[in-house]
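In: The sequence and its predicted three-dimensional model are supplied below.
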Amino acid sequence: MAPKLPAYLTPTPDSPGLRVRGGTQYSRSQGDYVCGGCGAEDHANGDTNVKNLVDDYTDNHGPAHRNGGRR
C-alpha cells in the first residue's frame, strides 16, 4: 500500500488545484482536484479515471475559470 501523501500536497478549498500521482508496480495512479472558481471536488484511481479527471479539471474547472468561466 502506498503511503499517504502529506496534507500540503492535497488540494483543499484554501489551496485549490490538481494533484496527480503516477502508479507503480504495486499501486494505481491517483488524482484529486479542488476548483478555486466554483469549489467542485473530485478524486480518481486508475490510469483511465485519472486521465478523465485531468480532462474534466482542464476543460471545466481551474484553467477554464481563469479564462472567464466554463467553456
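Out: All right, it came through fine. Numbers count the residues shown, from 1 in each chain.

In: Give me the distance between whichever helix in the chain runs longest and the centre of its chain.
Out: Counting residues, the longest helix in the chain under DSSP state H turns out to be helix 47-60. Centroid separation for helix 47-60 versus its chain: 8 Å, with C-alpha atoms, centre = their mean, to the nearest Å.

In: The helix or strand that comes right after it: which residues count as buried?
Out: Beyond helix 47-60 on the C-terminal side, the first helix or strand identified by DSSP states H and E is helix 62-66. For helix 62-66, burial by neighbour count (16 or more other C-beta atoms under 10 Å) applies to G62, A64, H65. The C-beta positions use only the backbone N, C-alpha and C, and glycine is treated the same way.

In: I'd like to know which elements the longest helix of the chain is packed against.
Out: strand 17-21, strand 30-34, strand 41-45 (3 or more C-beta pairs under 8 Å, 6 or more residues apart in numbering; DSSP states H and E).

In: Okay, now the unreliable bits of the protein?
Out: 1-8, 67-71 (pLDDT under 70).

In: and if we set it to 80?
Out: Applying pLDDT under 80 to the chain flags residues 1-9, 63-71.

In: Return the member of the buried residues of helix 62-66 nearest to D47.
Out: G62 (20.8 Å; C-beta to C-beta).

In: Am I right that that closest one is in contact with P16?
Out: Yes - between G62 and P16 there is a contact under C-beta atoms under 8 Å: 7.1 Å.
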